[in-house]
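> Fold the following for me, if possible:
(one chain, ligands or ions: 2)
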Amino acid sequence: MAFDYDTIVIGGGPGGLAVAYGLNNHQKVLVVESNLWGGTCPNFGCDPKKMLYGVVEAKRQVIRYHESGLPAEPKVDWPALMAFKRGYTEKIPTGTEAGLKGAGINHLHGTAQFVDGHTLRVGNQQVTGQQIVIATGATPNIPDIPGKEAFLTSTDFLNLDNLPEKVGFVGAGYVAIELANIAVEAGAEVHIFQHNDRLLRNFPQAYTERLRKILTGKGIHFHMNTNVTALQTAGDQVKVTTNSGDPLTLNAVFAAAGRRPNLDDLNLAGIGVAVEPQGIKVDDHLKTSVSSIYAIGDAIAKTVPKLTPVSGIEGRYVAAEITGETHDPIQYPAIPHTVFAGPELAQIGVTLESAKQAPDQYTISDQPVGSWYTYHRLQDQNAHVTTIVDKTSGKLAGAVVLAVNAEELINDFSELITHGTSAKDATDWTPVYPSVTSDLGYFY
Ligand SMILES: Cc1cc2nc3c(=O)[nH]c(=O)nc-3n(C[C@H](O)[C@H](O)[C@H](O)COP(=O)(O)OP(=O)(O)OC[C@H]3O[C@@H](n4cnc5c(N)ncnc54)[C@H](O)[C@@H]3O)c2cc1C
Ligand SMILES: NC(=O)c1ccc[n+]([C@@H]2O[C@H](COP(=O)([O-])OP(=O)(O)OC[C@H]3O[C@@H](n4cnc5c(N)ncnc54)[C@H](O)[C@@H]3O)[C@@H](O)[C@H]2O)c1
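Ligands and ions are numbered 1, 2, ... in the order given. Reported below is the predicted structural model:
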């Protein structure tokens, strides 16, 4: 049977685009996107979030230098900050589409729905492909409570014309912590409602408690072990009812209770693609239960974190698998993850919890580093680093970092872990001094 395309990719985000560009010189490819070209990360995820974060962190650095020669009292101008962000994000969809055009990749705007394992309906046309790759990402999970229509999402937060006076976040994961930090630094009263006693559950509790203390010090109100049971809107106010204490009146409440895969439009049940609660079920070649269909990125059930670089790795892997460049199962490198929480909390590799359970295998070194030159210079008294070293090889196996510039140190650690650098080789070269990297030798 002749197909219209060799491969059709559903979703024009980081994952889908990695497949399309990976296949472009080998195959006739079509990408279908229902919303904004570029997907979540550059339009309403990582990139706009970090533009806002960069500005509020600059303000916080000035405050840290308050008694070190910089007595200014900066204030965030939200409309100007938003204009800065929009100046970047507004160009993303057209820029991404122009990139596809320039590369000669066929692309179609519309919502794709499966007719069978090789056929999609997009609007009023049907297209066929020998392979189809699902890269439809995820969308905010809205808690099912009375008044849930009042919930705003991270997408709304990252596009607010004005910052409301009092804001709440339901959930205490990545989205809640990062956006709450931006809101409090920009001058809002901020409340976080968490149904249990853990924030950022994938990070070690000693570290999340240190972070909670710092964020509480900035003025964020943590309502732990608290279920939001109802929302009620009246004008520009939202009454938040919980299972503990009196209701609170805020001006905006954001659902930050995880993200669910974007699968509703696809008719997966109709064509027999197996789905689990966390996303599409795939094997170690990222194939679904229908042999002509692959799935990648935030749309799949997986144990690795749902992050932009992971979607990219999976997209490039599927492209290589389709062209026959590889037939090995997918192998993930150590994936660093960072919460941009002001300060940043980052980790990579073997977790602290599992290292503690294997004392014969790992040496754990837990160091408050606030008094080290690098952190003293930045006035970051709370900086803290844990390294986990494999006793047999002497190589770094994992690390946790809480510091204002944790992203830099975790990237250095990532490089050491990924390339299996020994303690000797890690110090056998000359980085710029003084810098975050010139501290590496002290950690090993
Ligand atoms: C607020 C926020 C901050 C984040 N910050 C970071 C960060 O700092 N670092 C990081 O690594 N990750 C971050 N992430 C996560 C990151 O954005 C995602 O992991 C990444 O975008 C996933 O890429 P993807 O291609 O799998 O999915 P997406 O980027 O979500 O792309 C999927 C695309 O598929 C389209 N689509 C869906 N259904 C259909 C259909 N039926 N037909 C056609 N098209 C369809 C969607 O419109 C979307 O454009 C953040 C996420 C959020 C929400
Ligand atoms: N810096 C980054 O890399 C970054 C930033 C933002 C988002 N992300 C990605 O996006 C994903 C989604 O972020 P997120 O914060 O929405 O999810 P998350 O999984 O990190 O956190 C969800 C939070 O909601 C709580 N929760 C779950 N169900 C609930 C319910 N019914 N009612 C109330 N609370 C509930 C959880 O206990 C948890 O605190 C992240 O896991 C990550 O993959 C990454």
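> Give me every residue in the protein lying close to ligand 1.
10-16, 32-36, 39-41, 45-46, 49, 111-112, 135-138, 154, 175, 262, 265-266, 297-298, 306-309, 311 (Cβ under 6 Å from any ligand atom). Where you see a C-beta, it was placed from the backbone N, CA and C, and this is true even at glycine.
> Weed out the non-buried ones from those residues.
Taking 16 or more other Cβ atoms under 10 Å as the criterion, what is buried in the residues of the chain next to ligand 1 is 10-16, 32-36, 39-41, 45-46, 49, 111-112, 135-138, 154, 175, 262, 266, 297-298, 306-309, 311.
> I'd say residue 272 and residue 288 touch.
No: contact between residue 272 and residue 288 fails when scored by Cβ atoms under 8 Å: they sit 9.2 Å apart.
> between those two, who's got more neighbours?
Neighbour tally, residue 272 and residue 288, criterion other Cβ atoms under 10 Å: the higher count belongs to residue 288, 24 against 13.
> Does that one touch residue 132 like I think?
No: with contact defined as Cβ under 8 Å, residue 288 and residue 132 do not form a contacting pair (9.3 Å).
> joint contacts of these two?
Common contact partners of residue 288 and residue 132 (Cβ atoms under 8 Å, 6 or more residues apart in numbering): residue 294.
> Over to the residue in the stretch 51-200 of the chain positioned nearest to ligand 1: give its phi and psi.
Closest contact between the stretch 51-200 of the chain and ligand 1, by Cβ to the nearest ligand atom, is at residue 137 (2.0 Å). Per-residue torsions, residue 137: phi 70, psi -160 (degrees, to the nearest 10).
> Can you check the pLDDT for it?
With respect to pLDDT, residue 137 scores 98.
> Surely it touches residue 17?
No: between residue 137 and residue 17 there is no contact, the gap being 11.6 Å when judged by Cβ under 8 Å.
> Touching both of those two, which residues are there?
Contacts common to residue 137 and residue 17, judged by Cβ under 8 Å, 6+ apart, are residue 39.
> Stretch 32-44: end-to-end distance?
19 Å (Cα to Cα, to the nearest Å).
> Likewise for stretch 414-423?
Using Cα to Cα, the two ends of stretch 414-423 sit 14 Å apart.
> buried stuff in that stretch?
414, 416, 417, 421, 423.
> and the first one, helix, strand or coil?
Per DSSP: H, G, I helix; E, B strand; the rest coil, the secondary structure class of residue 414 is helix.
> That one and residue 348 touch, don't they?
Yes: the criterion here is Cβ under 8 Å, and residue 414 meets it with residue 348 at 5.5 Å.
> Can you check which residues contact both of these two?
334, 336.
> Mean confidence (pLDDT) on the host helix or strand of residue 367, please.
Taking DSSP states H and E as the definition, residue 367 sits inside strand 362-368. Averaging pLDDT along strand 362-368 yields 96.
> Counting by contacts, list what that strand packs against.
Applying 3 or more Cβ pairs under 8 Å, 6 or more residues apart in numbering; DSSP states H and E, one finds that strand 362-368 makes contact with helix 352-356, strand 384-390.
> buried ones in the first one?
Buried positions in helix 352-356, judged by neighbour count with 16+ other Cβ under 10 Å: 352, 355.
> now that helix, how far from the centre of its chain.
23 Å (Cα atoms, centre = their mean, to the nearest Å).
> nearest spatial neighbour of residue 18, skipping sequence neighbours?
Of all residues not flanking residue 18 in the chain, residue 315 sits nearest, at 2.6 Å (Cβ to Cβ, 6 or more residues apart in numbering).
> wait, that neighbour sits on residue 298?
No: taking Cβ under 8 Å as the definition, residue 315 is not a contact partner of residue 298, at 11.7 Å.
> what sits in contact with each of these two?
Common neighbours of residue 315 and residue 298 (Cβ under 8 Å, 6+ apart) are residue 15.
> and the helix or strand containing residue 207, how far from the chain's centre?
Using DSSP H and E, residue 207 sits in helix 205-218. On the basis of Cα atoms, centre = their mean, helix 205-218 sits 20 Å off its chain's mean C-alpha point.
> Any residue of that helix touching ligand 2?
No: applying Cβ under 6 Å from any ligand atom, one finds helix 205-218 separated from ligand 2 by no less than 10.4 Å.
> and the residue nearest to residue 18, how many neighbours?
Counted with other Cβ under 10 Å, residue 315 comes out at 29.
> do the same with residue 54
12.
> circling back: overlap of the contact sets of residue 272 and residue 288?
Joint contacts of residue 272 and residue 288 (Cβ under 8 Å, 6+ apart) do not exist.
> For residue 211, list the residues it contacts.
177, 199, 200, 339, 341, 343, 345, 402.
> let's see it at 10 Å
177, 181, 199-200, 203, 339, 341-345, 382, 384, 402 (Cβ atoms under 10 Å, 6 or more residues apart in numbering).
> What's the separation between it and ligand 1?
From residue 211 across to ligand 1, the span is 16 Å (Cβ to the nearest ligand atom, to the nearest Å).
> gap between that residue and ligand 2?
From residue 211 to ligand 2 the distance is 13 Å (Cβ to the nearest ligand atom).
> Which secondary structure element of the protein has the lowest mean pLDDT?
When the helices and strands of the chain are compared on mean pLDDT, DSSP states H and E, helix 423-426 comes out lowest with a mean of 78.
> what comes into contact with that one?
389, 393-396, 412-413, 415-416, 419, 440-441, 443-444.
> Would you mind putting those residues into TSV with pLDDT alongside?
Formatted as TSV, the contacts of helix 423-426 follow (pLDDT from 0 to 100):
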residue	pLDDT
389	94
393	92
394	90
395	93
396	94
412	95
413	95
415	93
416	93
419	92
440	90
441	84
443	83
444	73
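> out of those residues, who's nearest residue 235?
The nearest member of these to residue 235, counting by Cβ to Cβ, is residue 413 at 49.6 Å.
> quick revisit: if we go by neighbour counts, what in the least confident helix or strand of the chain is buried?
Neighbour count says helix 423-426 has 423, 426 buried, by 16+ other Cβ under 10 Å.
> Could you point out the longest helix of this protein?
The longest helix of the chain (DSSP state H) is helix 46-64.
> Tell me what angle it forms with helix 205-218.
Angle between the axes of helix 46-64 and helix 205-218 is 70 degrees (criterion: axes from the mean of the first three to the mean of the last three Cα atoms, to 10 degrees).
> between the helix or strand following helix 46-64 and helix 46-64, how many degrees?
Next helix or strand after helix 46-64 toward the C-terminus (DSSP H and E): helix 78-89. Counting by the same axes, to 10 degrees, helix 78-89 lies at 140 degrees to helix 46-64.
> what's the spacing between helix 78-89 and its chain's center?
21 Å.
> Tell me the confidence at the closest residue to ligand 2 within the stretch 1-150 of the chain?
Relative to ligand 2, the nearest point of the stretch 1-150 of the chain is residue 143 (4.4 Å; Cβ to the nearest ligand atom). pLDDT for residue 143: 98.
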